[in-house]
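1. show me how the following folds:
(one chain, ligands or ions: 2)
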Amino acid sequence: MSTFVVLLGPPGAGKGTQAEVLAKELDLPHISSGDLFRENLKNQTPLGKKAQEYMSRGELVPDDVTIGMIRERLKQPDSGRGAVLDGFPRTPAQADALAALLGEMGSEVQVVPYISVPAETLIERLSGRWTCRAQGHIYHEKYNPPKTPGKCDTDGSELYQRDDDKPETVKNRIAVYDQQTAPLIAYYRDHGKLVELDGTQPIEKVTEQLIAAVEQK
Ligand code: ADP
Ligand code: AMP
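-> Ligands and ions are numbered 1, 2, ... in the order given. The predicted model follows:
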């Protein structure tokens, strides 16, 4: 039996931070659509070039492109036992496509932890976020600082600030989330999959409640 967990929440809610720990705990791959796009952008693949302008404006990459990328990722053998999905789905059409893809694999989404954080907190979270160049490990200069400033604790690579974490772009990303992604809260609640978590608590507290919620389902 496979386990698919979808982490839902606005940009800066802590999805990437929690997905990494949860994936380790469950021994499943962590699939982040944003990381996959950034990897393609770094390697200047056709997919990366297609996504670039949308990402820099803080808009969503079109559904067909995004769904195609996730379809390929789910075909990799390590996804057979399940995955922790972070940043996908982000629209109702993507959620329908995910249900169909998992259906073909004889599986389904088991649980959707929704990490809830008010908009006023998100700007501060994202303006202090530092991301690791090599593998996308996530830090915050105040809430989760690296041991050595500017260096990733895990792999020693350089930390950088994402271009789309500038306050102007973040405001647009939050508006896009409210319009296009927030409807998924009701979508997954109606399917009986949603578990809401208070994402304003310290990172470890959210992790504790997340693991408990997933194990309960
Ligand atoms: P998302 O993947 O949802 O966009 P991240 O996991 O990248 O969010 O977290 C955004 C920023 O907020 C990062 O700098 C991270 O270190 C920080 N952060 C994550 N969870 C918390 C928390 N519970 N309290 C304070 N800061 C947090
Ligand atoms: P993230 O790393 O999740 O903050 O995503 C960074 C950017 O990648 C987003 O602002 C979008 O431009 C793009 N992106 C990531 N996931 C998706 C998705 N599921 N659908 C459309 N665009 C996405």
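
2. list the buried residues in whichever strand in the chain runs longest.
-> For the chain, the longest strand by residue count, based on DSSP state E, is strand 109-116. Of the residues in strand 109-116, those scored as buried under the neighbour-count criterion (16 or more other CB atoms under 10 Å) are 109-115. To be clear about C-beta, it is placed using only N, CA and C from the backbone, and glycine gets the same treatment.

3. cool, stretch 99-108 as well?
-> Residues of stretch 99-108 classed as buried by neighbour count (16+ other CB under 10 Å): 101-102, 107.

4. now tabulate those in CSV and tack on distance to G9, pLDDT and secondary structure.
-> Rendered in CSV, the data for those read as follows (distance: CB to CB, whole Å; pLDDT from 0 to 100; DSSP: H, G, I helix; E, B strand; the rest coil):
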residue, distance to G9, pLDDT, secondary structure
L101, 22, 97, helix
L102, 21, 97, helix
S107, 23, 96, coil
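
5. checking A95 next. Helix, strand or coil?
-> Three-state assignment for A95 (DSSP: H, G, I helix; E, B strand; the rest coil): helix.

6. and the residue nearest to it when sequence neighbours are not counted, which of the three is it?
-> On the basis of CB to CB, 6 or more residues apart in numbering, the spatially nearest residue to A95 that is not a chain neighbour turns out to be P89, at 4.2 Å. Secondary structure for P89, judged by three-state DSSP, is coil.

7. can you pull the pLDDT of P89?
-> As summarised for this prediction, P89 has a pLDDT of 98.

8. contacts only, for it.
-> In this structure, P89 makes contact with 6, 95, 97-98, 184, judged by CB atoms under 8 Å, 6 or more residues apart in numbering.

9. repeat the analysis, applying 10 Å as the threshold.
-> Going by CB atoms under 10 Å, 6 or more residues apart in numbering, P89 touches 6, 8, 33, 63, 66-67, 70, 95-99, 109, 112, 181, 184, 187-188.

10. what subset of those residues is also close to ligand 2?
-> Contacts with ligand 2 are made by 33, 66 out of these, judged by CB under 6 Å from any ligand atom.

11. which of the contacts of P89 are buried? Put it as a PyMOL command.
-> Buried residues among the contacts of P89 (16+ other CB under 10 Å), as a PyMOL selection:
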select buried, resi 6+8+33+63+66+67+70+95+97+98+109+112+181+184+187+188
